[in-house]
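**Q** got a predicted structure here, sequence first:
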Amino acid sequence: MNKIIKVIIPAYNEEKSIIKVIQDIPSVVDEIIIVDNNSSDQTAKNAQEAGAKVLTEIKKGYGNACLKGMSYVKSQTHQTDIIVFLDGDFSDYPEELTKLIAPIINDNIDFVIGARVSRFREKGSMTRPQIFGNWLATTLMSLLFNSKFTDLGPFRAIKYHKLLALKMEDKTYGWTVEMQLKALKNNYSYLEIPVKYRNRIGVSKVSGTIKGAIFAGVNILYWIFKYSFKK
């Protein structure tokens, strides 16, 4: 049976990259959903012209945009089998999407993360604070939850009904770690697939500013410690 696959891409001021992202998404995908997170540029216009479904979420926040995309998918009458999350800055390689969905389709894995391993990362694509924060978060998850995750990468695929069962709620940059922690708590089967990673187009809204990096770090640690004390 063919799986219905949809991609949700949160986007904020990604007018220079969003067309490239959409064009490189494999044809196996049934619908590309761009959630314009109140951009001040031509992100929405460019995405629409490239053939994507464009939604608008005026409440800023990575999680808010993802939740908007999920709400749209839930409102549809036809079935969705797999949701893929992907960033709109062209740092990921959208064509590698087939590698992420393969374990779900072929091996019945619930959840797959695209791991930005060092050997496949372009120089400078992750800042030192990002690398350290990623290491700290995944190390804590290993110690507290016996997790095997090595990355909090945003490029990820998950069975749609399993995603709904997580009852996602984070509205900012704790979204990725919340999903991983809840997947662990719910005993989902999961896997990491090494993926390539390059320097993004434009300036990062997280690692590109001290405020953004601190805010993201605080949210990530909040979720980890919240779940470490939750029975």
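**A** Arrived safely.
**Q** please point out which parts of stretch 30-37 sit buried.
**A** Residues of stretch 30-37 classed as buried: 32-37 (neighbour count, 16 or more other CB atoms under 10 Å). All C-beta atoms are positioned from the backbone trio N, CA, C, and that covers glycine.
**Q** what about it, distance to the chain center?
**A** How far stretch 30-37 lies from its chain's middle: 13 Å, per CA atoms, centre = their mean, to the nearest Å.
**Q** host element of residue 112?
**A** strand 111-115 (DSSP states H and E).
**Q** in that strand, which residues are buried?
**A** Quick answer for strand 111-115 (16+ other CB under 10 Å): 111-115.
**Q** pLDDT and distance to residue 144 for those residues - can I get that in CSV?
**A** Listed next are the buried residues of strand 111-115 as CSV, based on pLDDT from 0 to 100; distance: CB to CB, whole Å:
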residue, pLDDT, distance to residue 144
111, 98, 19
112, 98, 22
113, 98, 18
114, 98, 23
115, 97, 20
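**Q** adding distance to residue 149, write those residues out as TSV.
**A** Formatted as TSV, the buried residues of strand 111-115 follow (distance: CB to CB, whole Å):
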residue	distance to residue 149
111	10
112	11
113	7
114	12
115	8
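**Q** so where is this protein shaky, pLDDT-wise?
**A** Where the chain drops to pLDDT under 70, the residues are 1, 204-217, 228-231.
**Q** closest to the centroid, which residue in it?
**A** residue 154 (3.0 Å; CA atoms, centre = their mean).
**Q** ok, and the closest non-adjacent residue to residue 94?
**A** Closest residue in space to residue 94, ignoring its immediate chain neighbours: residue 24 at 4.0 Å, by CB to CB, 6 or more residues apart in numbering.
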